[in-house]
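Chemist: the amino acid sequence is not available; the structure is as follows:
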């Protein structure tokens, strides 16, 4: 097979054209062993070299050695690369060759010393002394006024404070790519648990998942997500055993603060999450200006079959959210139902089942009933879960128009977990729709901080008629995800309200193409090029009608917008009545649920039929 090529600067090992990326600290351990190849290296030396400013236990080092052996295909019982020295440390026994004489390693970097400064004469010495005194005085003044948090930094002995945190996707060490759902699920679980820490802002999973297999540095990620702390680690599953290595890093300076390793039986995976979370919480609270205790319920054991089905369901639901086909929702629902059948008391599976029957192109009364009953059961099983209340709050609003009940559960969801970005967005939009725009925007902005890559706040801005801010969010998101059809669909609304009809219809064509209808997109583009925006809107309305006749979608709110633009009020009101009468079928098409605030319906507001519809929907006039 040939030798391994190790490239520390790239954190990469490769052989026969196949490359594997190592975590930086795993590479650090390998480099430290290579510096003393053939010699025993005590555990203490390895830990002090690789983690000079961080407390780590022997288990962490043992886990990283295990990672190296797995990657290098070495066997601890018959080692050919790394040998364990009983009660002593480890030794690299494989022959090594330094390519091109390169030895720029962690060990040599730590040994570099700064040459002494020698003042040339007494005058330069005097000048240097004045500079030191001036610097000291400036330092004292900055500390006195706490400029840049300097006084807080001094109080904590120079230890960086953590006010915000991002958990990067745990890297799976399994060679089976089908195990991706497992690492994603545990990452999401850690985020949910860490979000319970008071005084800490935790970035949502949908914002951190983009950094899976990223080449970006930790300071770059910290800057993009606007966080102080970053959790990264690995996960390895072997049968019914699971091992997690986790480390806490001060993102702006890539400074390691803490690391640990955990191993549990699969049925105790929630206890594993609890232990990791508690250790991280203890580290973070020591760095918070005003830490508060967090009380947590004792984690329950779970049958591995239930956990498998639940994590698979979440994986497919997440793929749909990232733009995969609607079939992913059906697969998710099947997995969640499997989990429920195996354990009817497992609340997270009911939350997942509720979400899997929402946001459909063509919903049904059966979908709505399943989603609502599942959310109600989830709250019954776990009334102290933010996610269960968020799921029920959404269902009470859409499609059942229970405005008071929806607000009650969404507020409860935010109170239980202030870091629940989805609950913040839903509550914000609900407040805007029910006439409390300022309070709603505040919730939406907090949601945006918790989920920086989400476009949800653009909907909030649009509903309060701040089209420029709404477009700014959408265009920023499109820079990161240009193939997101939802963003193009919604840009149509903003362009139209700003009087940019050609641009609006171009975005609508892009929307149709990205949702798999190249023919519909071509019809809209052809009409736009030949006859202009009005003809393009007419073609769009025809295409929507055809979709509904073919039972491929139910989009009466979109049709009402098209006919409102065309000035056909009678047809627009007919579509809105259809949306109201069959609101259990309305899922991804949410016009009826935003009736009082949606700017696209402004030309209809003076009509008595609109006021009557607003009254029946239960919204303020």
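Modeler: It's in. Small disclaimer: the values here were computed from a predicted structure and weren't measured.

Chemist: list the buried residues of stretch 341-354.
Modeler: Across stretch 341-354, burial judged by 16 or more other Cβ atoms under 10 Å covers 342-343, 346-354. Just so you know, the C-beta spots here come from the backbone N, C-alpha and C atoms, and that holds for glycine as well.

Chemist: which of these sits closest to residue 262?
Modeler: residue 348 (20.8 Å; Cβ to Cβ).

Chemist: give me the below-cutoff pLDDT ranges for the stretch 401-550 of the chain.
Modeler: The model of the stretch 401-550 of the chain has no residue with pLDDT under 70.

Chemist: which residue ranges of it form helices?
Modeler: Shown for the stretch 401-550 of the chain, the helices assigned by DSSP state H, counting those that start in this stretch span residues 403-416, 421-433, 437-450, 456-463, 467-480, 485-497, 501-514, 518-531, 533-549.

Chemist: just send these back as JSON lines, with distance to residue 574 too.
Modeler: Formatted as JSON lines, the helices of the stretch 401-550 of the chain follow (distance: least, Cβ to Cβ, whole Å):
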{"stretch": "helix 403-416", "distance to residue 574": "25"}
{"stretch": "helix 421-433", "distance to residue 574": "23"}
{"stretch": "helix 437-450", "distance to residue 574": "30"}
{"stretch": "helix 456-463", "distance to residue 574": "24"}
{"stretch": "helix 467-480", "distance to residue 574": "28"}
{"stretch": "helix 485-497", "distance to residue 574": "21"}
{"stretch": "helix 501-514", "distance to residue 574": "22"}
{"stretch": "helix 518-531", "distance to residue 574": "22"}
{"stretch": "helix 533-549", "distance to residue 574": "12"}
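
Chemist: make CSV from those helices and add mean neighbour count to it.
Modeler: Below are those laid out as CSV (neighbours: other Cβ atoms under 10 Å):
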stretch, mean neighbour count
helix 403-416, 19
helix 421-433, 25
helix 437-450, 20
helix 456-463, 24
helix 467-480, 16
helix 485-497, 21
helix 501-514, 21
helix 518-531, 16
helix 533-549, 18
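
Chemist: closest one to residue 247 among these?
Modeler: Nearest to residue 247, of the helices of the stretch 401-550 of the chain and by Cβ to Cβ, is helix 437-450 at 22.6 Å.

Chemist: what's the angle between that closest one and helix 467-480?
Modeler: For helix 437-450 against helix 467-480, the angle by axes from the mean of the first three to the mean of the last three Cα atoms, to 10 degrees is 20 degrees.

Chemist: might one say that residue 411 is in contact with residue 426?
Modeler: No. In this structure residue 411 lies outside contact range of residue 426 using Cβ atoms under 8 Å: 10.5 Å.

Chemist: so which of the helices of the stretch 401-550 of the chain is nearest residue 365?
Modeler: helix 533-549 (16.7 Å).

Chemist: quick check: next helix or strand after that closest one?
Modeler: Downstream of helix 533-549, the next assigned helix or strand under DSSP states H and E is helix 556-566.

Chemist: figure out how far that following helix is from the centre of its chain.
Modeler: Centre-to-centre, helix 556-566 and its host chain are 34 Å apart (Cα atoms, centre = their mean, to the nearest Å).

Chemist: if we go by neighbour counts, what in that helix is buried?
Modeler: Neighbour-count burial for helix 556-566, counted by 16+ other Cβ under 10 Å, picks out 556-565.

Chemist: among the buried residues of stretch 341-354, which are located in strands?
Modeler: In strands, judged by DSSP state E, none of those are found.

Chemist: which of those lies closest to residue 31?
Modeler: Within those, proximity to residue 31 (Cβ to Cβ) peaks at residue 348, which comes in at 41.6 Å.

Chemist: span of stretch 72-86 from start to end?
Modeler: With Cα to Cα, to the nearest Å as the measure, the ends of stretch 72-86 fall 21 Å from one another.

Chemist: quick one: average confidence on that stretch?
Modeler: Mean pLDDT, computed over stretch 72-86, is 85.

Chemist: show me the contact partners of that stretch.
Modeler: 4, 13, 33, 40, 65-66, 68-69, 90-94 (Cβ atoms under 8 Å, 6 or more residues apart in numbering).

Chemist: give me the number of residues near residue 86?
Modeler: 5 (other Cβ atoms under 10 Å).

Chemist: quick check on it: phi, psi?
Modeler: Backbone torsions of residue 86, given as degrees, to the nearest 10, read phi -50, psi 120.

Chemist: cool, residue 300 as well?
Modeler: According to degrees, to the nearest 10, residue 300 has phi -90, psi 150.

Chemist: what does residue 263 give?
Modeler: The phi/psi pair for residue 263 (degrees, to the nearest 10) reads phi -140, psi 130.

Chemist: right, and it touches residue 245 too?
Modeler: No. Counting by Cβ under 8 Å, residue 263 does not reach residue 245; the two are 9.8 Å apart.

Chemist: the more surrounded of those two?
Modeler: Set residue 263 next to residue 245 and count neighbours by other Cβ under 10 Å: residue 245 wins out with 28 against 14.
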